[in-house]
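Engineer: coordinates only, sequence not included:
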């Protein structure tokens, strides 16, 4: 066999799976629990609370999201044995789509919902409630993309480990 030993491929695929599943758990928590509760925060406090939330993302979300795109590119570039290049390419496309859509839509909107819009400012929730509602409804696309990458990562792991069990021992 050319390239790294199979054990290294296993670790790469397993780390990718762990990061993908972590990201799936976080995005579902955000969508089902964190974002909906923002409507109960007094509008006068919303900017401060949202700022604290944003800084916590640097620890909870950004490192793993960054690692996910790096791993997707590594898997595509190195192509572990038995993994179809089209599936690995799909992983890269999903990750690039996530980053682009986050930068163009959801990240920008999260920064803007604390600022008053054209409608009257509510007593509770983000000052720009219409944009907040738009963010919540379209954010399901992001949830779907991250979940799809988690499913793809699971499928890649299954292919890696099932294929590996059928191969003769190549560690010698």
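Structural biologist: Nice, I can see it. Remember, predicted model here, so these are calculated numbers, not experimental data. Residues are numbered from 1 along each chain as shown.

Engineer: For the rest of this, base every contact and every neighbour count on C-alpha atoms.
Structural biologist: Will do.

Engineer: Quick check: residue 27 vs residue 52, distance?
Structural biologist: 18 Å (CA to CA, to the nearest Å).

Engineer: what does residue 126 give?
Structural biologist: Counting by CA to CA, the gap from residue 126 to residue 52 is 14 Å.

Engineer: one step back: neighbour-wise, which of residue 27 and residue 52 wins?
Structural biologist: residue 27 (21 against 11; other CA atoms under 10 Å).

Engineer: is it true that that one touches residue 148?
Structural biologist: No: shown here, residue 27 and residue 148 do not form a contact pair, counting by CA atoms under 8 Å, at 11.9 Å.

Engineer: Which strand or helix spans residue 126?
Structural biologist: Taking DSSP states H and E as the definition, one finds residue 126 inside no helix or strand.

Engineer: Please enumerate the strands of the protein.
Structural biologist: Counting by DSSP state E, the chain has no strands to list.

Engineer: same for the longest helix seen in it, what does it pack against?
Structural biologist: In the chain, taking DSSP state H as the definition, the longest helix is helix 129-166. Here helix 129-166 touches helix 6-29, helix 85-101, helix 107-112, going by 3 or more CA pairs under 8 Å, 6 or more residues apart in numbering; DSSP states H and E.

Engineer: nearest to residue 75, of these?
Structural biologist: helix 85-101 (6.5 Å; CA to CA).

Engineer: sorry, back to before: what's the closest of the helices and strands packed on helix 129-166 to residue 140?
Structural biologist: That would be helix 6-29 among the helices and strands packed on helix 129-166, by CA to CA, at 9.4 Å.

Engineer: For the closest residue to residue 38 other than its chain neighbours, list the residues it contacts.
Structural biologist: Spatial nearest neighbour of residue 38, excluding adjacent residues (CA to CA, 6 or more residues apart in numbering): residue 125 at 5.5 Å. Residue 125 makes contacts with 38, 39, 40, 41, 42, 43, 46, as judged by CA atoms under 8 Å, 6 or more residues apart in numbering.

Engineer: Please flag which of those sit within helices.
Structural biologist: Those of the contacts of residue 125 lying in helices (DSSP H): 43, 46.

Engineer: Weed out the non-buried ones from the contacts of residue 125.
Structural biologist: Buried members of the contacts of residue 125, counted by 16 or more other CA atoms under 10 Å: 38, 39, 41, 42, 43, 46.

Engineer: What is the nearest of the residues you listed to residue 86?
Structural biologist: The nearest member of those to residue 86, counting by CA to CA, is residue 38 at 39.6 Å.

Engineer: OK, contacts around the closest one?
Structural biologist: 46, 125, 126.
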